[in-house]
Structure formats: C-alpha cells, structure tokens
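Undergrad: Kindly return the folded structure for what I paste below:
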Amino acid sequence: MNTQPAGKTVATLSGLGAILLWALLALFTTGTADIPPFQLTAMSFGIAFVGVLLKWVLYRQDIRPFFRIPGGLWLLGVAGLFGYHFFYFLALKNAPAAEASLIAYLWPLLIVIFSALLPGERFYWFHVAGAVLSLLGAGLLISKGTAFDFRPEYLKGYLAAICCAFIWSGYSVLSRRYAAVSSDVIGLFCGITAILALVCHLAFETTLWPEGVLQWLAVLGLGLGPVGAAFFLWDRGMKHGDIQSLGVLSYLSPLLSTLILLLMGVAAFSYSLLFGCLLITGGAALGSLKLIRAIVRPGRGG
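TA: Below you'll find the model as predicted:
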C-alpha cells in the first residue's frame, strides 16, 4: 500500500500556496504601470530580502551557516531566481509576448518529466496527461484563441524562452538535492538577485519611480507575495512535497491570474478563456490524483 506522509502533504500544500501567490503576479505587475522590468525586479526582490532580513533579526537567527552552503547551491539559487527573470525579459524583448510566454510555460511539464530522474521518484501516466492537458489550456489563455505565429526572425526570443523553461524546471527539481538546507537560504538568493537586477537596470534601462500610493502598494505587494513568500513556499514544496503534482498544479497560476484580471475588469470574457479554464482545471485534477487521495484518505494513498 502506497502512503504519503502528512509532512509531505503539508509541504505540497506549501508549494500550492506559491502557485496561488503567483496568480497575483499579473495584477500587481499591471498596477506598477511603466516601471522598467529590471528595476521592478530589483525593487521587488529587494523587498523580499528586507522582509526575511527582518525575520532573522527579530528571531535572532544565526545565518552564518547559510554562507557555508555548497557552491552548487549558490549557483543553483542565483541561476534559478535571476537567470529565469533575465531570460524571460530577453524573450519578451525579442519575440511576441504570446509565443514567448507559452514556450516559457513549458516548465511545469518539464518538472513532471525531470522529476523521474530523482531518487525514489516516479511519475504516472496521469501526471504527464494532466500536464499536457493543462498546457493546452494555458495556450488558449495566453493566445486568447488566436493562432500562434512562430517566425524565424524571433528565434532569439524563442531560444530565450526555452532557456526560461529549462532554468526554472531545473532549479525546481534540483532543489530536492538540497532538502536538508533551510528554505530561509532563499532570502540570500533574493538579495543577490536584487543586486544583479539593479546592475542590469543601470546598464540597460532608465529609472522610472512609481507614481502615487497605488503603484507603491503594487510594488510592495509583489515583493511580499509573488516575488517574496512564494519562493520560500515553492522551495519547501520542491524539497519535501509531491513534485509531480506541483508541476501539474502550476498551470493553475495562469488560470487564476486570468480570472482575477477578469474580475478586476482588466481582461474581457471570451470562449477561449472559458475552454482554457476548463482544460487547465481538468488537467490539474487529473495530474494531482495522488495528492487528492492523500488529502481525502490520509495514510491510504492509492
């Protein structure tokens, strides 16, 4: 009889919490108006770092062990957080947003596939089927029902988007190798990412500060939620949770993001949106059968 310990279920729900927070990314980003992307990355990751720094100070945590972590983890953390955002912005600059976003959103499917390489892990047919079904739904949401038009002149952008997919899926799956390291280490990676993003901003962009309280609140919301707490929750989910289910459930993020924008009046209803939501919901339910069994029947997984 296959069982899923309660701790693993809690960790999986932590990862799901990250996915729910990422659903707010589009709304908060829309609220930041025309702030350049690298500047916004530096500000939001800077807020995330300050938040965890305050936690360390208030609880008088000894963070010296974090500076003695393996070099491979430093490389993985910085490449994952900063590398993903760098190539994502490069993709959007060199290819249409719809095509670039769809290619980049191959990462949940890649997580499901790559997870089979981890010791003691395996994926079932419903994991892959659910991920593919959800990817089709994400394609409908991103394209708004229009055909994708992949052109050779956008090859640089497409390659950057492919890098995004492999960087984030690789970072997520390889995090499992460092399960013994506290997720608080993500705070240091956020700080380094903020510095690197600031360097890119100063090199490539013109500074544009938020105008008004609402824009400042949007930046703060990004730093505390989708770019802050989400990465800590995701780290715990990847290290200790059901990695295949989280890979499939990640497609809930564009679904919920679209629904939030619809409720806020930023997006308009369409049948492609409806069918995309149905595909993602069905795919997420199919791909997370193992997790659903663990929650409904604790200790009696199927």
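Undergrad: Which strands and helices lie in contact with the helix or strand K239 falls within?
TA: Using DSSP states H and E, K239 falls within helix 230-240. Helix 230-240 sits against helix 6-22, helix 155-174, helix 186-204, helix 243-249, with contacts defined as 3 or more C-beta pairs under 8 Å, 6 or more residues apart in numbering; DSSP states H and E. Bear in mind the C-beta positions are built from the backbone N, C-alpha and C, glycine included.
Undergrad: deepest of those, which one?
TA: Across those, averaging neighbours per residue (mean count of other C-beta atoms under 10 Å) puts helix 243-249 on top, at a mean of 29.
Undergrad: Give me the distance from it to the chain's centre.
TA: 12 Å (C-alpha atoms, centre = their mean, to the nearest Å).
Undergrad: And the contacts of that helix?
TA: The contact list for helix 243-249, computed with C-beta atoms under 8 Å, 6 or more residues apart in numbering, reads 12, 15-16, 19, 108-112, 115, 118, 121, 123-124, 127, 130-131, 134, 172-173, 176, 237-238, 283-284, 286-288, 290-291.
Undergrad: which element follows that helix toward the C-terminus?
TA: Per DSSP H and E, helix 243-249 leads on to helix 252-263 as the next helix or strand towards the C-terminus.
Undergrad: quick check: angle from that following helix to helix 230-240?
TA: 150 degrees (axes from the mean of the first three to the mean of the last three C-alpha atoms, to 10 degrees).
Undergrad: Reformat the helices and strands packed on helix 230-240 as JSON lines; add mean pLDDT and distance to V78.
TA: Output for the helices and strands packed on helix 230-240, formatted as JSON lines (pLDDT from 0 to 100; distance: least, C-beta to C-beta, whole Å):
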{"stretch": "helix 6-22", "mean pLDDT": "93", "distance to V78": "19"}
{"stretch": "helix 155-174", "mean pLDDT": "94", "distance to V78": "10"}
{"stretch": "helix 186-204", "mean pLDDT": "96", "distance to V78": "5"}
{"stretch": "helix 243-249", "mean pLDDT": "91", "distance to V78": "22"}
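Undergrad: possible to save those helices as a markdown table with distance to Q61?
TA: Shown next, in a markdown table, are the helices and strands packed on helix 230-240 (distance: least, C-beta to C-beta, whole Å):
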| stretch | distance to Q61 |
| --- | --- |
| helix 6-22 | 19 |
| helix 155-174 | 24 |
| helix 186-204 | 10 |
| helix 243-249 | 27 |
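Undergrad: what's the closest of those to F66?
TA: Closest approach to F66 among the helices and strands packed on helix 230-240 (C-beta to C-beta): helix 186-204, 5.7 Å.
Undergrad: Please save the CA atoms from the closest one in CSV.
TA: C-alpha atoms of helix 186-204 as CSV (Å, rounded to 0.1, in the frame of the first residue of the first chain):
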residue,chain,number,x,y,z
ILE,A,186,16.2,31.8,-0.4
GLY,A,187,16.5,35.2,1.3
LEU,A,188,20.1,35.4,0.4
PHE,A,189,19.3,34.4,-3.2
CYS,A,190,16.7,37.2,-3.3
GLY,A,191,19.3,39.7,-2.1
ILE,A,192,21.8,38.7,-4.8
THR,A,193,19.1,38.7,-7.5
ALA,A,194,18.1,42.2,-6.5
ILE,A,195,21.7,43.4,-6.8
LEU,A,196,22.2,41.7,-10.2
ALA,A,197,18.8,43.1,-11.4
LEU,A,198,19.9,46.6,-10.3
VAL,A,199,23.1,46.2,-12.3
CYS,A,200,21.1,45.3,-15.4
HIS,A,201,18.7,48.2,-14.8
LEU,A,202,21.5,50.7,-14.6
ALA,A,203,23.1,49.3,-17.7
PHE,A,204,20.0,48.9,-19.9
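Undergrad: For the helix or strand following it, name the packing helices and strands.
TA: Next along the chain after helix 186-204, taking DSSP H and E as the criterion, comes helix 212-224. Here helix 212-224 touches helix 25-31, helix 37-58, going by 3+ C-beta pairs under 8 Å, 6+ apart.
Undergrad: Mind putting the ones you listed into TSV with distance to L140 and mean neighbour count?
TA: What follows is the helices and strands packed on helix 212-224, written out as TSV (distance: least, C-beta to C-beta, whole Å; neighbours: other C-beta atoms under 10 Å):
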stretch	distance to L140	mean neighbour count
helix 25-31	16	19
helix 37-58	25	20
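Undergrad: Fine by me, we can end here.
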